[in-house]
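Enquirer: please find the sequence and the predicted model below.
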Amino acid sequence: MGERGIGCVLVPTVLSWRPSEINTTDRVPTAGSWLPGFGTGDANGMIQPATERRLDDEVVATGEEFPVLKMEHVSKQFGATLALDDVSLALRRGEIHALLGENGAGKSTLIKIMTGIQTQDSGEIRIDGKPVRVTSSQDAQRLGVAAIYQEPMIFPDLSVAENIFIGHRNRGKLVDRRGMEREAAEVLARLDVTLDVGEPARGLTLAEQQTVEIAKAISLDVRVLIMDEPTASLSAHEVQQLFRIVHTLRQQGVAILFISHRMEEVFEIADRVTILRDGRWISTTPRAELTPGSAIRQMVGREVQELFRRSRREPGAVLLAVRGLCREGVFQDVSFDLRAGEVLGFAGLVGAGRTDMALALFGISPADAGEIELEGSRVTITNPRDAMALGIAYSTEDRRQLGLVMPLSIAANISLPSLPRFLSPSGMVRRAEERDAAEAFRERLSIRAPSVETPTSSLSGGNQQKVVISKWLETNPKVLILDEPTRGIDVGAKVEVHQLIDDLAARGMAIILISSDLPEVLAMSDRVLVMREGRQMAIFDHHEATQERVLSAAMGQFGDILPEGDGIDRIAAAEAITAIDRLVAGGRLVDGERQ
Amino acid sequence: MSDAILRRVRPEQFREFILLFVTVGLLLFFASQIPNYFDPRSVNRLTTGLAITLVVAVGQVLVVLTRNIDLSVSSMVGLTAYVVGTILTRVEGMHPLVAAALAMAIGLALGAINGLIVAYGKVPAIIATLGTLALYRVVLVEFSGAKTVTTADLPDWLNDVPSATLASAGGYDLRLMVGIALLVAILGQLTLRYLPFGRRLYAIGSNPEAARTAGLPVQRDVFTAFALSGTLSGLAGFMFLVRFGNITVTAAQGLELQVVAAVVVGGVNIFGGSGSMVGALLGVLMIETLQQSLLRWAGISEFVKDAILGLLILVAVTADTIILGRLREMWVRVRRRDHARAQVAIADEGGVAHGA
């Protein structure tokens, strides 16, 4: 849906949020401490009526006193760990309710209970005030509760229309293909989205697949829509498209539970924010009364001194020089220098060719034209072996599928790319050395695990990410490519990864940082290379790289359409985006024809 | 390939054309090698043999679509053929339809056992049905005491069924058994296309986890697919009995590989989620043609025949992955470009209107 020119007019208020705000100290909301036991008093709006702000006039008088869905005193235990401890939460009609918490705070368990994948040990779920039992997906569906996930749950072999209507009961005995496609188009039209409903879903982009899932939910008359990190894999532009859809749903009275690790998104879209920590309810606060700083403090339960750390350093000699690198139909004419001790950020929309560029440097899908020079001599990289021999390492964006062998231990994962070094003369793996090496990384990167023999599948996302990075550090790379190293990991782990990047650069490693988290890539990088549709748009120095410049370069060459500065003229920005949108659709056309 | 073709033909349909084309090519090749290749007697024999494989293949498609596999089909065919044959030798005057229904009921029971183990016992289908493949065969050996059902013991009507003909033209017959098989295939195709159950089979195979979260009755549907595969194997067992009359304990052994080969060659994705009965029909046609023609082709040993079949499966699966992947990409690209063009056209109109 991203580049289809549907006329997105939402202004990315993300632009006006600055990372520095996080450091400002605000009052810590006290609701949690003075309400007895739990937060329902706050949640149903009875206790703090004066502070309740009507965020949307259209949802006035939609029964705020009677939440659509209410969880009361819900607890859930897995073995020895209490995943949810007496948590209460109320979702109102037509509200966007954000759920914040570090990984392991209990968000996933909460969602699973709401959608019937798991059942609570104690506590109650009420829908429209009536207690209900949700013990299966069918129950949840019948009650109008649906969830969409970061990785869309689509059926790749079925068409868009079939995907939307697959869960439907009582649609007659026979499948009416034409009628179904027509209705599918109508449902999509309600979201102001056009898709080819006959197309198999395998051809859709991630964002489009999500749209299909939302369409599926609303076609089932969903009343509560849970969105579990829906934006994690989307580009900034696609996120705005998604938000537009979310707003449409909210106006139609759907209660939305929105989960994201991106603070700026939560502050852009949420009406109220609930924070969980260690399985416990901490607070529920109207967005206006919360600041990113205080939210983070409540999530981590400690002061986060700096979200981004970048020490001053002088980059050394040019280590990697790339000239006119191309891969037919994927990216073209990329040129840059990378110095020792430098962090070069790669910004751009998802699908802009940043990962493809990295894959070419690492030899997974080699470039077909252009030059790569490493330490002054021309090199050819046609497979990852070449790249590793030259001292290039690539940490993938998809750690679950590509980064780790999940059932294997931390130690076995770390030694995997450098296994020849751990072999005895007889060709056996020297397990003690392997363990020692892993142990060193466990300490250095503070990987939280019972031992290095723990299977990586049982680690949290942040710790898994640290194992992936460790495994590449073990190869002693000169150039380290980090693709979305902080995606889907909690705030605490994020800070640690940032610190690690900074340390590595300070020790002279050259780092390419690909990230869709704009504040992150801007803060961490010495220079930022922006790509759009496979083309290199610009390289900004750290001090020139503002969110506006980078974003406008990523979305088109219209750097000067978007006014500079923090206070963005909303109408101008909206018009610019609409214009870019259409050009992007046009650009796609040209690309398609060339192939 | 030109865009115009891609606009009209889905990649899967294109593959079916190729398969048909290759099969026709094979027929012509063998016709040039084997004398009297197209004489009515041989053709009739080929179609009758095809009928049994086709009925089993239809059941197999249902199972494979759900990302499972039923390897026990040959033992189910053999066991029902033997049991029904034995009953017919002992019980006088049983109506043919009752005998057929009995065969299907036995098949249903055997298939239901598979379904229970896979869908509710959560045992991987390949293991579960490998187990029942051996198990059902052993039951057959024990039940029969290694004796053989012979044609002479069977009622007379049974011996007339194989040559029962629905229509005939110039010596080429449409035999009753072929008619039944085609009817089964058509019903199967209609199920896949028009019944919600059929649609769910695709969904389950395409993404099992998503199917569960979408609230689909995954276990029940997988169970039903296995039960139907068993039922159709039962029907095929009855057809087997009718056709051969003499049933030994090794009846239909090896049929499972032939059926799986036919289904895969016919373009049913072994990992579930895509395929059709039309494809399976073409796959059966091709495998059976090859099998029976190679038998008649002088100078080909049994081993070479098997090797050629094996090679065919490899080629089919490899070509499938490569060619179909390409075709799909091209298809999506053309559709998207057309769609984008339409969008831009709409946007342009809107823009003009806005400007004015």
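Expert: Arrived safely, thanks for sending.

Enquirer: pLDDT score for the residue of the stretch 51-200 of chain B found nearest chain A?
Expert: Ranking the residues of the stretch 51-200 of chain B by distance to chain A (Cβ to the nearest Cβ) places B:Tyr194 first, at 4.7 Å. For every residue, glycine as well, the C-beta is placed using N, CA and C. Model confidence at B:Tyr194, given as pLDDT, is 86.

Enquirer: ok, A:Arg272 - contacts?
Expert: Contact analysis of A:Arg272 by Cβ atoms under 8 Å, 6 or more residues apart in numbering or on different chains lists A:Glu95, A:Ile96, A:His97, A:Ala98, A:Thr284, A:Thr285, A:Pro286, A:Arg287.

Enquirer: the fifth one reaches A:Val273, doesn't it?
Expert: Yes: using Cβ atoms under 8 Å as the test, A:Thr284 is close enough to A:Val273 to be in contact (7.1 Å).

Enquirer: tell me, how many residues neighbour the closest residue to chain B within the stretch 401-550 of chain A?
Expert: Among the residues of the stretch 401-550 of chain A, A:Glu533 lies closest to chain B, at 13.2 Å counting by Cβ to the nearest Cβ. For A:Glu533, the count of nearby residues is 21 (other Cβ atoms under 10 Å in any protein chain shown).

Enquirer: what score does it have for pLDDT?
Expert: Value listed for A:Glu533 in the pLDDT field: 79.

Enquirer: so where does the most centrally placed residue in chain B fall, helix or strand?
Expert: Centroid check for chain B by Cα atoms, centre = their mean gives B:Ala57 as the closest residue, at 1.7 Å. For B:Ala57, the enclosing helix or strand under DSSP states H and E is helix B:40-65.

Enquirer: would you tell me what the next helix or strand after that helix is?
Expert: That would be, after helix B:40-65 and using DSSP H and E, helix B:73-90.

Enquirer: show the subsequent helix or strand relative to that next one.
Expert: Scanning forward in sequence from helix B:73-90 by DSSP H and E, the next helix or strand is helix B:96-115.

Enquirer: got the angle for the next helix or strand after that following helix vs helix B:73-90?
Expert: The helix or strand immediately downstream of helix B:96-115 is helix B:125-144, counting by DSSP H and E. Here the directions of helix B:125-144 and helix B:73-90 differ by 20 degrees (axes from the mean of the first three to the mean of the last three Cα atoms, to 10 degrees).

Enquirer: helix B:125-144: which residues count as buried?
Expert: B:Ala125, B:Ala128, B:Thr129, B:Thr132, B:Leu133, B:Leu135, B:Tyr136, B:Arg137, B:Val139, B:Leu140, B:Ser144 (16 or more other Cβ atoms under 10 Å in any protein chain shown).

Enquirer: ok, stretch A:211-224 next?
Expert: Buried-residue list, stretch A:211-224, by 16+ other Cβ under 10 Å: A:211-220, A:222-224.

Enquirer: which of those residues sits closest to chain B?
Expert: Nearest to chain B among the buried residues of stretch A:211-224, with distances taken as Cβ to the nearest Cβ, is A:Lys216, at 7.6 Å.

Enquirer: and the closest one, what is it in contact with?
Expert: A:Lys216 makes contacts with A:Ala146, A:Asn163, A:Ile164, A:Phe165, A:Ile166, A:Gly167, B:Ala214, as judged by Cβ under 8 Å, 6+ apart.

Enquirer: in helices, which of these appear?
Expert: Per DSSP state H, helices hold the following members of the contacts of A:Lys216: A:Asn163, A:Ile164, A:Phe165.

Enquirer: on that earlier part again, you'd agree the residue nearest to the centre of chain B is up against B:Val263?
Expert: Yes: with contact defined as Cβ under 8 Å, B:Ala57 reaches B:Val263; the gap is 5.5 Å.

Enquirer: what bits of the stretch 451-595 of chain A have low per-residue confidence?
Expert: For the stretch 451-595 of chain A, the stretches with pLDDT under 70 are A:555-595.

Enquirer: okay, helices next: where are they in it?
Expert: A:461-473, A:491-506, A:518-524, A:547-555, A:570-594 (DSSP state H, counting those that start in this stretch).

Enquirer: how far off centre is the shortest one?
Expert: Okay, so that is helix A:518-524. 15 Å (Cα atoms, centre = their mean, to the nearest Å).

Enquirer: does anything pack onto it? Which helices or strands?
Expert: Secondary-structure packing of helix A:518-524 (3 or more Cβ pairs under 8 Å, 6 or more residues apart in numbering or on different chains; DSSP states H and E): strand A:343-348, helix A:491-506, helix A:547-555.

Enquirer: okay, now A:Glu289: neighbour count?
Expert: There are 18 residues near A:Glu289, going by other Cβ under 10 Å.

Enquirer: gap between it and chain B?
Expert: 35 Å (Cβ to the nearest Cβ, to the nearest Å).

Enquirer: next one, pLDDT for that residue please.
Expert: As predicted, A:Glu289 sits at a pLDDT of 90.

Enquirer: flag the shaky bits of the stretch 251-356 of chain B, pLDDT-wise.
Expert: In the stretch 251-356 of chain B, residues with pLDDT under 70: B:298, B:339-340, B:342-356.

Enquirer: hey, where'd the helices end up in it?
Expert: B:255-265, B:277-296, B:302-319, B:325-355.

Enquirer: next one: the stretch 251-400 of chain A
Expert: A:263-269, A:292-300, A:354-361, A:384-389.

Enquirer: tell me what the last one is packed against?
Expert: Put plainly, it is helix A:384-389. strand A:392-395.

Enquirer: average pLDDT across the strand it packs on?
Expert: 95.

Enquirer: can you tell me the centre-most residue of chain A?
Expert: By Cα atoms, centre = their mean, the most central residue of chain A is A:Ala232, 1.7 Å off.

Enquirer: for A:Ser233, see how far away the closest residue to it other than its chain neighbours is.
Expert: Nearest residue to A:Ala232 in three dimensions, chain neighbours excluded: A:Gln150, at 4.6 Å (Cβ to Cβ, 6 or more residues apart in numbering or on different chains). Plainly put, A:Gln150 is 6 Å away from A:Ser233 if you go by Cβ to Cβ, to the nearest Å.

Enquirer: okay, those two: which has more neighbours?
Expert: Between A:Gln150 and A:Ser233, A:Ser233 has the larger neighbour count (other Cβ under 10 Å), namely 22 against 19.

Enquirer: give the full set of residues in contact with that one.
Expert: For A:Ser233, the contact set (Cβ under 8 Å, 6+ apart) comprises A:Gln150, A:Glu151, A:Leu206, A:Val350, A:Arg487.

Enquirer: what's the farthest-apart pair in these?
Expert: Spatially, the most separated pair among the contacts of A:Ser233 is A:Glu151 and A:Val350, at 13.7 Å (Cβ to Cβ).

Enquirer: follow-up on the earlier one: doesn't A:Gln332 make contact with the residue of the stretch 401-550 of chain A closest to chain B?
Expert: No: judged on Cβ under 8 Å, A:Glu533 makes no contact with A:Gln332 at a distance of 9.6 Å.
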